[in-house]
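[1] The sequence and its predicted three-dimensional model are supplied below.
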Amino acid sequence: MSTIEPARVYFVPARGADGPDILAAKAGRALAALDFLDVLEAGDFCALKIHFGERNNKGYIKPEWLRTIAAAVRAKTPRAFLTDSNTLYVGPRSNSVEHIRLAWSHGFRPDVLDIPVIIADGLIGRDVQGAAGISGRIGEAKIASAILSADALLALTHVTGHVQTGMGAAIKNLGMGCASRAGKLEQHSVAHPRVQTKSCRDCGVCFDHCPAGAIVQAEGHVTIDDVRCIGCGECLVVCKFGAIRVRWDEDYRRIQEKIAEYALLVRRGFKRKTAFLNFLIGVTKDCDCMAKGEASIVEDIGILASSDPVAVDQASADLILKTAGGRDVFRRGYDIDWSIQLEHGQKIGLGLRRYALTTFNE
Ligand code: SF4
Ligand code: SF4
C-alpha cells in the first residue's frame, strides 16, 4: 500500500454569473488556501502565467477576476508580471508588440491590475533558456527566458478541451505555454517546418534569419534541408507571406508526453514557489487560441488551487466529468485520450494523480 500522501487540492465553487467582484474574491480565497503567498519574498520576480486570449476569443480568464490575487501578490513583491510566450503560428500573438496590445485590449492593463505585461520569450521569440531534459522525449527544453529568470510562478489556467491533447489545463499552460517558439515546435512536430512552394515569393528573407543554413534555393522558391534544420522556428515568423508552415504531425500520445516533460523542466526551476489555479468557468471545446467565442461544454464549476499541477488537472477533469453526468465531454469534442498527460506527468515526477479535495462553501 502506498504511503505517499495524496496532493491537496482546494475547490471554490463559482460561476461566471457571480460577476467580477465575487469571482475576484473567490479566486483570492483559492490562492490563500495555499502557502504560495507565505513563501513569496519581497523583491521576488513573480511570473503570473496566463493566456491573454486570441483576438475575438471570449473564454479567457478575465482580468477583473484576478484583482484580489494581483493585490495580494503586489503586497508581497512589486516585481510581479503577467506573462505568456509568443505563438508558434503567425498571428497577433506571435510577436511581443502585438501580443501586449492584444492583452491590453482584453483588459490586462495597469489601470485594471497594476501589474505589467512582459512577453516571456522576447520581441520575436528569441529569448530562450535551455533546461537539461530527463531521459524521456526531450533532450534540452527550450523555455521562454523570463519564466526561468523569475523566482516564483503562479499559473492561472482556463481549463478547456483541445484539438491535439483532448484537454488543456495546468500541465499544458506550464509545458507548452512556457516554451519558446522552438520549444513549441519541438512539442508539436516530429519533423521540421516545410515551405509551401506556391506561397513562396523567393524574397530571400528567411535565408538571412536561418541560423543553421538550412534554407536552400530551388527553382523559383526555397526549400528546407531537414538534415541541417535545427527546428528553431525563426523562419516561421520572418516569412511575411505565410509560406513556411508547421507540420502539425505529432501524435496525441507523444505531444502530451513532451508537454508533461517540458512542464517538469519549467517547474523544476522554482522549488516551492509555484501555485496552480484552474478556472472551470466557460469550459469550451477548444482552447483560448480560437479567435471566436464558443459555447460551454459543461456548466460553470469553480476555481481549483493546488501546488501540484497533475493533481489540480486530475481534480479539474474529475469535476468536469462529474458535472456532465459522467459523460466525457472532452472526448465528445475530440476523440483523444487526454489522460496521457496526467499519467506521464505522474510517471516522471511532475505530480500526483491522487488528491484530497477540500471544498469551500460558496
Ligand atoms: S521568406 Fe517566405 S517568401 Fe521569402 S523566400 Fe523565405 S519562404 Fe519564400
Ligand atoms: S526552423 Fe530554424 S533552422 Fe530550420 S529552416 Fe527554419 S530558421 Fe532554419
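    Alright, I've got the coordinates. Here the structure is a predicted model, which means the values were calculated and not measured. Ligands and ions are numbered 1, 2, ... in the order given.

[2] Now do the domain split for this protein, please.
    7-184+251-359, 191-245 (automatic domain parsing).

[3] Of all these, which one comes closest to ligand 2?
    For the domains of the chain, distance to ligand 2 was read as CB to the nearest ligand atom. The smallest value, 3.3 Å, belongs to domain 191-245. The way it works is simple: take the backbone N, C-alpha and C, and place the C-beta from them, glycine included.

[4] quick one on the thing from earlier: pick the most buried one from the domains of the chain.
    Of these, the one with the most neighbours on average (mean count of other CB atoms under 10 Å) is domain 7-184+251-359, at a mean of 21.

[5] So what would you say the end-to-end distance of that domain is?
    14 Å (CA to CA, to the nearest Å).

[6] anything in that domain near ligand 2?
    No: Domain 7-184+251-359 lies out of reach of ligand 2 by CB under 6 Å from any ligand atom, never closer than 7.7 Å.

[7] per-residue confidence averaged over that domain?
    Average pLDDT, domain 7-184+251-359: 95.

[8] any residue of that domain up close to ligand 1?
    No: figure legend: domain 7-184+251-359 not in contact with ligand 1 (CB under 6 Å from any ligand atom); closest approach 10.9 Å.

[9] So which residues of the stretch 101-250 of the chain form helices?
    Remark: helices assigned in the stretch 101-250 of the chain by DSSP state H, counting those that start in this stretch are 110-113, 145-149, 170-175, 181-188, 205-209, 234-238.

[10] For these, could you give me a markdown table that also reports distance to residue 197?
    A markdown table is the format used below for the helices of the stretch 101-250 of the chain (distance: least, CB to CB, whole Å):
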| stretch | distance to residue 197 |
| --- | --- |
| helix 110-113 | 46 |
| helix 145-149 | 34 |
| helix 170-175 | 33 |
| helix 181-188 | 20 |
| helix 205-209 | 13 |
| helix 234-238 | 14 |
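
[11] Nearest to residue 14 among the ones you listed would be which one?
    Each of these has some distance to residue 14 by CB to CB; the shortest is helix 170-175, at 17.1 Å.

[12] Give me the helices and strands touching the closest one, please.
    Counting contacts by 3 or more CB pairs under 8 Å, 6 or more residues apart in numbering; DSSP states H and E, helix 170-175 is packed against strand 152-158, helix 252-267, strand 274-280, helix 309-323, helix 340-348.

[13] Can you list the strands that the following helix or strand past the last one pairs with?
    Helices and strands here follow DSSP states H and E; after helix 340-348, the next one along the chain is strand 355-359. On the basis of DSSP bridges, the sheet neighbours of strand 355-359 come out as strand 7-13 (parallel).

[14] May I have the following helix or strand past the strand it pairs with as CSV, with CA atoms only?
    Once strand 7-13 ends, the next helix or strand along the chain (criterion: DSSP H and E) is helix 20-32. The C-alpha coordinates for helix 20-32 follow below in CSV (Å, rounded to 0.1, in the frame of the first residue of the first chain):
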residue,chain,number,x,y,z
PRO,A,20,-16.3,40.0,-11.4
ASP,A,21,-16.1,41.2,-7.8
ILE,A,22,-17.3,37.9,-6.3
LEU,A,23,-15.2,35.9,-8.7
ALA,A,24,-12.1,38.0,-7.7
ALA,A,25,-12.8,37.3,-4.0
LYS,A,26,-13.3,33.6,-4.8
ALA,A,27,-10.0,33.4,-6.8
GLY,A,28,-8.3,35.1,-3.9
ARG,A,29,-9.7,32.6,-1.5
ALA,A,30,-8.5,29.7,-3.6
LEU,A,31,-5.0,31.1,-3.7
ALA,A,32,-5.0,31.9,0.0
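
[15] CA-only coordinates of the next helix or strand along the chain from helix 20-32 in PDB, if you can.
    Scanning forward in sequence from helix 20-32 by DSSP H and E, the next helix or strand is helix 36-39. Output in PDB follows, covering the C-alpha atoms of helix 36-39 (Å, rounded to 0.1, in the frame of the first residue of the first chain):
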ATOM      1  CA  PHE A  36       2.300  30.500  -2.100                       C
ATOM      2  CA  LEU A  37       1.900  34.000  -0.700                       C
ATOM      3  CA  ASP A  38       3.700  32.900   2.500                       C
ATOM      4  CA  VAL A  39       6.800  31.800   0.700                       C
END
